[in-house]
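Student: sequence? don't have it. structure:
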């Protein structure tokens, strides 16, 4: 009931995202991020909603903010790398973030897939 309560807004944004209500998730997610701009979880969920809503550039901006605020967050680097490798078609940028994932967590569950992508997309 209190629109200024971060946790409630964040949880509602996540619930609407999980239900596939992207329009509501975007609106509420933006409110959550405005209430706590340092929340990596709120930004990550907003980035997912943006990507699913076909706003990949905006999603990348949110993920960039996370990687700057939390440079040791392998999930944010992985999400950004995947977005760059796919929707944004920026393989050099993707490579940077995939390599960061492996540097942070060499045994990452997606490590084998990341290494295959890096082999198939060598640096220029």
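Tutor: Arrived safely. If you're wondering where the values come from, they're calculated on a predicted model, not measured in any experiment.
Student: can you pull out the helices in this protein?
Tutor: Using DSSP state H, the helices of the chain run over 6-18, 22-35, 40-52, 56-69, 74-85, 91-104, 111-120.
Student: next, the buried residues of the second one.
Tutor: What it means is helix 22-35. By 16 or more other C-beta atoms under 10 Å, the buried positions in helix 22-35 come out as 22, 24-26, 28-33, 35. In short, each C-beta sits where N, CA and C put it, glycine included.
Student: over to the first one?
Tutor: Buried residues in helix 6-18, counted by 16+ other C-beta under 10 Å: 6, 8-10, 12-14, 16-17.
Student: make TSV out of those residues and add pLDDT.
Tutor: Shown next, in TSV, are the buried residues of helix 6-18 (pLDDT from 0 to 100):
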residue	pLDDT
6	93
8	93
9	94
10	94
12	94
13	96
14	95
16	97
17	96
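Student: now distance to residue 119 too, for those residues, in CSV please.
Tutor: Converted to CSV, those look like this (distance: C-beta to C-beta, whole Å):
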residue, distance to residue 119
6, 42
8, 45
9, 42
10, 38
12, 42
13, 37
14, 35
16, 39
17, 33
